[in-house]
Each structure stands twice: as structure tokens, then as C-alpha cells.
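Undergrad: 3D model of this:
(chains A and B)
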Number of protein chains: 2
Amino acid sequence: MNMKPNRQHRRRERTKNAIRQAAMKIFLKTGFHQANVKEIMDFADLGYGTFYQYYNSKLDVLLEQANEVYEMITTRYQKPPSSEKSIYQRTFNSIYNVLFTFDRHRDVMTVLKKIRHTDPEANKVWEKIMQELFQRLEFDITWSMEKGLCRNVNRDLAISALYGMCLGAIDHLLTQEKSNADILQISKEVALLFKEAIFITDEMPRL
Amino acid sequence: MNMKPNRQHRRRERTKNAIRQAAMKIFLKTGFHQANVKEIMDFADLGYGTFYQYYNSKLDVLLEQANEVYEMITTRYQKPPSSEKSIYQRTFNSIYNVLFTFDRHRDVMTVLKKIRHTDPEANKVWEKIMQELFQRLEFDITWSMEKGLCRNVNRDLAISALYGMCLGAIDHLLTQEKSNADILQISKEVALLFKEAIFITDEMPRL
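TA: Here you go, the predicted structure:
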């Protein structure tokens, strides 16, 4: 079933992509609330009416991409027990996957973050993504505590504190210029802080 | 100059306090935006008009107290070099002072946090308090790094990550019932996570 989509389908995909890219550019340049469909379509060099063959509103364009970030974050996560050789390696992989996703979609996440307090729908997707990260961390810490890998601290407090640490790292990433952001290095450093904070061993337990 | 304020002044202070306390109760019970002055003054068992001898609006009552939290946080901070015996002790003291202040004024901070995204003035005070915490952390980490006390990680990233950790601890505190919140224990545990994350020694440098 390796059928290529036909030419018309490919053309539609190209147009849609052009709209998405133009919209993000305009959202970042003009601000989401000030941006309008005409400006987006002028930038994409497409007719105004074409927009509504693909989307109902500028918010739609943003939410579609935000939901893709959510899907990406969800699918990249692997619950323990895992094949990682050390606690550090596992911590690094988790953090790298999250930061990589945020960096790759930094325009979407930057706009989403900015408007989430004034737009309930944007806030819903933002919260959904953050909830996913929180639950993952909750699972990992709980699992690690049960295995005796962690310091003897209150579980909920540890989860809140370390979740906060990850949000801090994401904040740091989003305030960097894209060209300056070295995801690999940032992930290594955050993984180190994170690992040293809570783990008392670097050995993964035997399965 | 140990003059006691006169009786009229004391009476005014008592009335003001009754308004403040009633307002916070109502804000938490009814929600800030739904709360009104009549409800507050009924709860305080005071006449409606009396309110306006002390405040211009319900927001005034909240902002006055929020500004007091800010003052309290500011004055309790001691810059290094300090008399603390260990890095852990210093970290603990800093975190305890912040959590103690937030706990003592948890009603004010809870309401402020809730409405800050819809009320620019509330947001301004919230940001002012958070900015104070951030700058303090920034100063401490920078100072510690210069003294060679920290892991070799990017300074700005470390500050963002550890600031996030503190916000996570504050979040944890504010979601606890007041009666359950053991500030001393929470501070000990967060100080441990914080200290282990970034510091590579427990010894304060010689002055």
C-alpha cells in the first residue's frame, strides 16, 4: 500500500504549508491578536479566499500546529523499564526529546504561550501539552522512588520541583535566539542538574 | 520615642484589619471578580460606606497586602558573604524565608496568582515579587559560580532551571491545605534538591 498521493493532493499540501508558514511569520512579527488573514495571505502570495478552503480562522492555523506538537511529544515518550544504560542517559533522553520538540516548534510554542492567558482554546492545548509532560515526570519519579533510586523526599514536592525545573529549561530555550540554541548542550546540562537533584545512583535497576 | 498610637488610631487599625480579613475570606470563597464591597462589609459586620474611608476598591485591599508581601520578601534577604555555616544551610535559609512568607500570606498570593492574567495591576505586583526572587537567585548563583562552588553548567540555564524549581515548590505549597503545609519540612527537602542539583561542595568559602 505504498501509494503516492496524487498531484492535486500534493498541491493542496504545498498550499497549506505555505499558509502555515506565512501565518507563523506574521504571528511572530505582528502579534497574534493584531495579525489578520489578509496579511497572512499577502505574505504567502496567495488569494485571500484560498485561506478559507483550508482553515476557519487564524486561531485554527495555530491550534492545528500546537496539536501536532502534542502528538509528537506523546509518541516520543517511552515508559520505563527501558533500554537506557544509566539514569543519566534516561534523564537526558527524556529532556532532550522535550526540548527538541519545543525547539523544532518554537514559533508555535512561543505564540501559544503568549496568547494562552487571553485565549481559552490556546490555553487548553498549552495545558494539554504541559499535562503530558507533568504526567510523564510523575510516572518516572514515582517509578524511580519505588525502585529506591531517589532521595528520601516527599514525592509530590519532588515532582512539582523537578517539573518546575523543566519548565525553567523550556523558558530558557524559548528566550534564546533559535540560531544560538544548542539543544544537545542544554539537554546535557539540565539532565545533570535534574539527575543530581533527585537520584542517588546512576545505575538503572535490573529488569 | 516609644509612643503608643492613640485610641482613635488603634480603632482605625482594627477596622482596617477587619476589612482586610473579610475581603480575603470573600475573595477566596466567592472569587475575586464575583466578590463585591457589600458582601465584604456584611461579612465584616461593618457599614458599606466605611469601606471607602479606607480603600478605593476591592483591588486596593488585595494590592496593599500583596505589596506588604513584597516588602517582607525584600527585607528578609541577606546577600552573601553571610554567616551561614554551610551551603546547605544558606540554601535552606533562603528557601525557608520565601516559603514562610508565601505560606503566611497564602490567601493573598493565591488570589493574586489567580487574577494576575486578567488584571494588569495584580500582575504587576506578582511580577515584582517574582522578579525579586529571580534577582536574588541570580545573584546567589552568579556569586557561587565565581567562587567555584557550582557544577560547570551555563549560568543563565542554571538560574532558569533552579528558579523554576523554586516556583514548583511554591506551587506545591499553595496547593496544600494550610493546616497540612509543613514549611520547615518542605524547605528542608527543596533545599536538598536545590543544593544537590547545582553545588559541588557544602563548604562556604572563607571570607
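
Undergrad: May I ask which helix or strand of chain A has the lowest mean pLDDT?
TA: None of the helices or strands of chain A scores lower by mean pLDDT, DSSP states H and E than helix A:87-104, at a mean of 90.

Undergrad: Please enumerate the helices of chain A.
TA: Secondary structure of chain A by DSSP state H: the helices cover A:7-30, A:37-44, A:51-54, A:58-75, A:87-104, A:106-115, A:120-146, A:155-175, A:183-198.

Undergrad: For chain B, which of these is the nearest?
TA: Chain B sits nearest to helix A:155-175 of all the helices of chain A, at 2.4 Å, using Cβ to the nearest Cβ. Where C-beta positions appear, they are placed from N, C-alpha and C, glycine not excepted.

Undergrad: Run through the neighbouring helices and strands of that closest one.
TA: Helices and strands touching helix A:155-175, as assessed by 3 or more Cβ pairs under 8 Å, 6 or more residues apart in numbering or on different chains; DSSP states H and E, comprise helix A:87-104, helix A:106-115, helix A:120-146, helix A:183-198, helix B:155-175, helix B:183-198.

Undergrad: Run the chain-centre distance for the fourth one.
TA: Right, the one you point to is helix A:183-198. 17 Å (Cα atoms, centre = their mean, to the nearest Å).

Undergrad: Can you point out the buried residues in it?
TA: Neighbour-count burial for helix A:183-198 flags A:183, A:186-187, A:189-198 (criterion: 16 or more other Cβ atoms under 10 Å in any protein chain shown).

Undergrad: Which of the residues you listed scores worst on pLDDT?
TA: For the buried residues of helix A:183-198, the model is least confident at A:I183; its pLDDT is 92.

Undergrad: Go ahead and confirm that residue touches A:Y96.
TA: Yes - counting by Cβ atoms under 8 Å, A:I183 does reach A:Y96; the two are 6.9 Å apart.

Undergrad: re earlier: put together CSV for the helices of chain A, with distance to B:K79 on each row.
TA: Below are the helices of chain A laid out as CSV (distance: least, Cβ to Cβ, whole Å):
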stretch, distance to B:K79
helix A:7-30, 39
helix A:37-44, 49
helix A:51-54, 56
helix A:58-75, 40
helix A:87-104, 32
helix A:106-115, 33
helix A:120-146, 33
helix A:155-175, 22
helix A:183-198, 23
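
Undergrad: Now do the same for A:I73: its pLDDT.
TA: 86.

Undergrad: Hmm, it is touching A:L133, no?
TA: Yes - A:I73 lies in contact with A:L133 (Cβ under 8 Å); the separation is 7.1 Å.

Undergrad: what sits in contact with each of the two?
TA: A:V98 (Cβ atoms under 8 Å, 6 or more residues apart in numbering or on different chains).

Undergrad: How about the residues of chain A by chain B?
TA: A:117-118, A:151, A:153-154, A:156-158, A:160-169, A:171-172, A:185-186, A:189-190, A:192-194, A:196-198 (Cβ under 8 Å from any Cβ of the partner chain).

Undergrad: any idea how far the nearest residue to A:Y54 once chain neighbours are set aside lies from A:L62?
TA: Of all residues not flanking A:Y54 in the chain, A:K16 sits nearest, at 5.3 Å (Cβ to Cβ, 6 or more residues apart in numbering or on different chains). Separation of A:K16 from A:L62 (Cβ to Cβ, to the nearest Å): 14 Å.

Undergrad: Settle it for me: which of those two has more neighbours?
TA: A:L62 (26 against 16; other Cβ atoms under 10 Å in any protein chain shown).

Undergrad: Run through the residues that contact the closest residue in space to that one that isn't next to it in sequence.
TA: Distance criterion Cβ to Cβ, 6+ apart; nearest residue to A:L62, sequence neighbours excluded, is A:V111 at 6.0 Å. Each residue near A:V111 by Cβ under 8 Å, 6+ apart is listed here: A:24, A:27-28, A:32, A:62.

Undergrad: would you turn these into JSON lines with pLDDT?
TA: As requested, the contacts of A:V111 are exported to JSON lines (pLDDT from 0 to 100):
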{"residue": "A:M24", "pLDDT": "96"}
{"residue": "A:F27", "pLDDT": "96"}
{"residue": "A:L28", "pLDDT": "94"}
{"residue": "A:F32", "pLDDT": "95"}
{"residue": "A:L62", "pLDDT": "97"}
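
Undergrad: Pull out the buried members of these.
TA: With burial judged by 16+ other Cβ under 10 Å, the buried subset of the contacts of A:V111 is A:24, A:27-28, A:32, A:62.

Undergrad: for those, which one is nearest A:Y54?
TA: Distance to A:Y54 across the buried ones among the contacts of A:V111 (Cβ to Cβ) is lowest for A:L62, with 13.3 Å.

Undergrad: Hmm, A:F32 and the closest one touching each other?
TA: Yes - in this structure, A:L62 is within contact of A:F32 by Cβ under 8 Å, at 7.2 Å.

Undergrad: Distance check, A:N180 against B:R155.
TA: In terms of Cβ to Cβ, A:N180 sits 15 Å off from B:R155.

Undergrad: who has more neighbours, the two?
TA: B:R155 (13 against 6).

Undergrad: Any idea how far apart the tips of stretch A:79-97 sit?
TA: Counting by Cα to Cα, to the nearest Å, you get 13 Å between the two ends of stretch A:79-97.

Undergrad: buried ones in it?
TA: By neighbour count on 16+ other Cβ under 10 Å, the buried set for stretch A:79-97 is A:80, A:84, A:87-97.

Undergrad: and those as TSV, adding distance to B:R20?
TA: Converted to TSV, the buried residues of stretch A:79-97 look like this (distance: Cβ to Cβ, whole Å):
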residue	distance to B:R20
A:P80	50
A:E84	54
A:I87	49
A:Y88	50
A:Q89	53
A:R90	50
A:T91	46
A:F92	49
A:N93	51
A:S94	45
A:I95	44
A:Y96	49
A:N97	48
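
Undergrad: So which residue is smack in the middle of chain A?
TA: A:F102 (3.8 Å; Cα atoms, centre = their mean).
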